[in-house]
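*Asks:* the following comprises the amino acid sequence and a computationally predicted model.
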Amino acid sequence: MLRINIDACNGCGLCEQTCAVDAIHVVDGIAEIEQESCTGCGGCVDVCEPAALFMEGQELEEKNNALAEWSGIWIYAECRNGELAPVSLELLGEGRRLADIRETKLSAVLFTDETSNLTAQLISHGADTVYLVENPIFGNFYEDANAAVLTDLARRYKPETILAGATAIGRSFIPRVAASLRTGLTADCTCLGIQENGDLLQSRPAFGGNVMAAVLCSGTRPQMATVHPMVMKPLETDPDRKGEVVKVDVEESLFDTKIRVNNFVPLESEGVALNEADIVVAGGRGLENEEGFKLVEELAEVLGGAVAASRAAVDSGWISATRMVGQTGQTVRPRIYIACGISGAIQHTVGMQSAETIIAINRDPDAPVFDIATYGVVGDAFEVLPRLIEKLKQMKA
């Protein structure tokens with residue numbers, strides 16, 4: 001039970017701001033606790049600078065013992081058309097790093113509709129254990145069935161941390177798992193760390209991309225996060241690596257779904273795919289209009305690269321949303337990324353900062369994009385791009 005030392009309380013209000021269930025209120029300069037609402041998570045205790053708040057010994061010990069039952073790091077191995085999604089291998093690389101820090105096991109959870117050889121691939125990329133669930137329903141994606149099965153496995157095996165890709169699939173069903181397990185979920189993470197007590201430090205852009213937020217889920221387990229694709233680096237394949245494959249039997253009722261798939265319509269991609277391009281040329285608000293954006297398309301064509309855009313360009317209707325790079329778009333890791341008329345807000349840079357070489361063209365010498373650029377050109381894109389395009393054409397002639 002949460003208690004307060006009234007003599008020590010200074011009425012700062014940090015506990016009230018931190019409480020997720022609105023169980024603490026500062027009245028006349030003293031914090032008051034609504035015990036019937038308090039969940040005993042201990043978050044307010046962690047932020048109380050004068051140490052006025054504390055958990056009574058037995059409850060705190062019980063909480064710590066309950067958390068200690070959960071161990072190991074899991075990644076959800078997303079599978080599409082019989083192949084692992086690249087983000088699954090990226091998560092294995094990051095999961096291996098975190099598991100080694102915690103001196104615990106790294107496991108992958110794989111749902112498939114047929115006997116799969118993907119388990120060997122997961123082990124060779126860092127997994128110690130693969131929990132394999134086979135059922136014909138996994139030939140398609142049903143978010144309710146996926147959520148029910150992953151929730152069941154988490155309750156049975158009690159992993160300390162579950163990671164998944166911030167893809168269309170991960171974003172659609174992982175929140176259902178977190179809600180069923182009554183735990184926290186941080187979406188669209190770009191950086192992960194781990195503390196000595198096992199708390200996962202989850203970093204992601206917040207407030208429209210203007211700040212980076214560090215999130216902890218210290219009161220419940222498992223801790224859950226979805227991670228942007230192409231932010232983490234996969235490990236090199238080790239074909240000699242050994243691991244365990246655990247075939248899990250699941251109650252048939254968990255495969256029940258209210259979803260019916262009538263047809264699949266493949267997404268038509270225009271030009272070079274962003275996630276496959278060695279060179280990406282992106283345009284932003286500084287190009288002013290659709291005509292200005294055509295300079296980006298022309299440069300990309302000359303270089304044999306892919307066209308991308310910031311959110312401002314997409315919102316202006318100059319290009320399809322499928323070409324947006326950033327927190328709410330795609331993440332890319334090309335050899336060369338050319339940012340034309342893009343200021344460099346966090347919302348955009350989280351999607352391209354892993355590029356090997358970043359070239360920024362912007363008329364504002366103080367634009368944030370120059371802080372991460374390998375090379376910067378301070379100038380008007382309407383002057384720089386035509387000259388660059390012409391020079392490249394001459395070189396190719």
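*Replies:* Structure's in. What do you need? Numbering: from 1, shown residues only.
*Asks:* and D240, that one's in a helix?
*Replies:* No. Going by DSSP: H, G, I helix; E, B strand; the rest coil, the assignment for D240 is coil, not a helix.
*Asks:* just give me the neighbour total for it.
*Replies:* 6 (other Cβ atoms under 10 Å). Placement of C-beta: from N, CA and C, glycine included.
*Asks:* one more: the one 3 residues further on?
*Replies:* Using other Cβ under 10 Å, G243 is surrounded by 18 other residues.
*Asks:* quick one: contacts for it?
*Replies:* By Cβ atoms under 8 Å, 6 or more residues apart in numbering, the contact set of G243 is 122-123, 127-130.
*Asks:* please identify the helix or strand for F111.
*Replies:* According to DSSP states H and E, F111 maps onto strand 106-112.
*Asks:* does G379 touch I361 like I think?
*Replies:* Yes. Counting by Cβ atoms under 8 Å, G379 touches I361, with 6.6 Å between them.
*Asks:* re earlier: tell me which residues are up against whatever helix or strand comes next after the strand holding F111.
*Replies:* Sequence-wise, the next helix or strand downstream of strand 106-112 (DSSP H and E) is helix 118-124. Contacts to helix 118-124, defined as Cβ under 8 Å, 6+ apart, come from residues 77, 79, 82-84, 88, 92, 108, 110, 112, 130, 132, 237-239, 241-243, 245.
*Asks:* for stretch 177-194, same thing?
*Replies:* Residues beyond stretch 177-194 that count as contacts (Cβ under 8 Å, 6+ apart) turn out to be 94, 98, 101-102, 147-148, 150-151, 154-155, 162-163, 166, 171, 174-175, 200-205, 212, 215, 217, 220-228, 231, 327, 350.
*Asks:* mark which of those are buried, thanks.
*Replies:* 94, 98, 102, 147-148, 150-151, 154, 162-163, 166, 174-175, 200-205, 215, 217, 220-228, 231, 327, 350 (16 or more other Cβ atoms under 10 Å).
*Asks:* so which residues of the stretch 201-350 of the chain form strands?
*Replies:* 211-215, 223-227, 244-247, 279-283, 306-309, 336-340 (DSSP state E, counting those that start in this stretch).
*Asks:* partners of the third one in the sheet?
*Replies:* According to DSSP bridges, strand 244-247 forms sheet pairs with strand 129-134 (parallel).
*Asks:* list the buried residues in the partner strand.
*Replies:* 129-134.
*Asks:* compare G379 and I361 and say which is more crowded by neighbours.
*Replies:* Neighbour comparison, G379 and I361: the larger count goes to I361, with 26 against 14 (by other Cβ under 10 Å).
*Asks:* quick check: the more buried one is in a helix.
*Replies:* No. I361 is assigned strand when assessed by three-state DSSP, not a helix.
*Asks:* got a list of what it touches?
*Replies:* When contacts are counted by Cβ under 8 Å, 6+ apart, I361 touches 338-341, 376-377, 379, 381, 384-385.
*Asks:* repeat that for P50.
*Replies:* By Cβ under 8 Å, 6+ apart, the contact list for P50 reads 8-10, 12.
*Asks:* which of these are buried?
*Replies:* The buried subset of these - by 16+ other Cβ under 10 Å - is 9, 12.
*Asks:* my guess is N289 contacts G317. True?
*Replies:* No. With contact defined as Cβ under 8 Å, N289 does not count as touching G317 (10.0 Å).
*Asks:* how about I4, what does it touch?
*Replies:* By Cβ under 8 Å, 6+ apart, the contact set of I4 is 31-33, 52-54.
*Asks:* again but with K258, I slipped
*Replies:* Going by Cβ under 8 Å, 6+ apart, the list of residues near K258 reads D144.
*Asks:* try it again with 10 Å
*Replies:* Under the criterion of Cβ atoms under 10 Å, 6 or more residues apart in numbering, the contact list for K258 reads 142, 144-145.
*Asks:* of the strands of the stretch 201-350 of the chain, which is nearest A397?
*Replies:* strand 279-283 (19.4 Å; Cβ to Cβ).
*Asks:* give me the mean pLDDT for that closest one.
*Replies:* Per-residue pLDDT values over strand 279-283 give a mean of 95.
*Asks:* for the stretch 101-250 of the chain, give me the ranges with low pLDDT.
*Replies:* 115, 207-210 (pLDDT under 70).
*Asks:* switch to 90 and redo it
*Replies:* 113-117, 139-140, 167-168, 188, 190, 195-198, 203-220, 228-233 (pLDDT under 90).
*Asks:* can I get the buried residues of strand 129-134 in CSV with distance to A321?
*Replies:* Supplementary listing: the buried residues of strand 129-134 in CSV, determined by distance: Cβ to Cβ, whole Å:
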residue, distance to A321
T129, 38
V130, 35
Y131, 35
L132, 36
V133, 33
E134, 36
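*Asks:* between those, which is closest to E301?
*Replies:* The closest of the buried residues of strand 129-134, once distances to E301 are taken by Cβ to Cβ, is V130, at 43.3 Å.
*Asks:* now do the contacts for the closest one.
*Replies:* Contacts of V130 by Cβ under 10 Å, 6+ apart are 77, 107-110, 116, 118-123, 243-247.
*Asks:* go through stretch 276-288 and flag the buried ones.
*Replies:* By 16+ other Cβ under 10 Å, the buried positions in stretch 276-288 come out as 277, 279-287.
*Asks:* hmm, back to that, mind putting the contacts of I361 into JSON lines with distance to V47 and pLDDT?
*Replies:* Below are the contacts of I361 laid out as JSON lines (distance: Cβ to Cβ, whole Å; pLDDT from 0 to 100):
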{"residue": "I338", "distance to V47": "44", "pLDDT": "96"}
{"residue": "A339", "distance to V47": "38", "pLDDT": "96"}
{"residue": "C340", "distance to V47": "44", "pLDDT": "96"}
{"residue": "G341", "distance to V47": "42", "pLDDT": "94"}
{"residue": "G376", "distance to V47": "40", "pLDDT": "95"}
{"residue": "V377", "distance to V47": "45", "pLDDT": "95"}
{"residue": "G379", "distance to V47": "47", "pLDDT": "94"}
{"residue": "A381", "distance to V47": "46", "pLDDT": "92"}
{"residue": "V384", "distance to V47": "49", "pLDDT": "94"}
{"residue": "L385", "distance to V47": "50", "pLDDT": "95"}
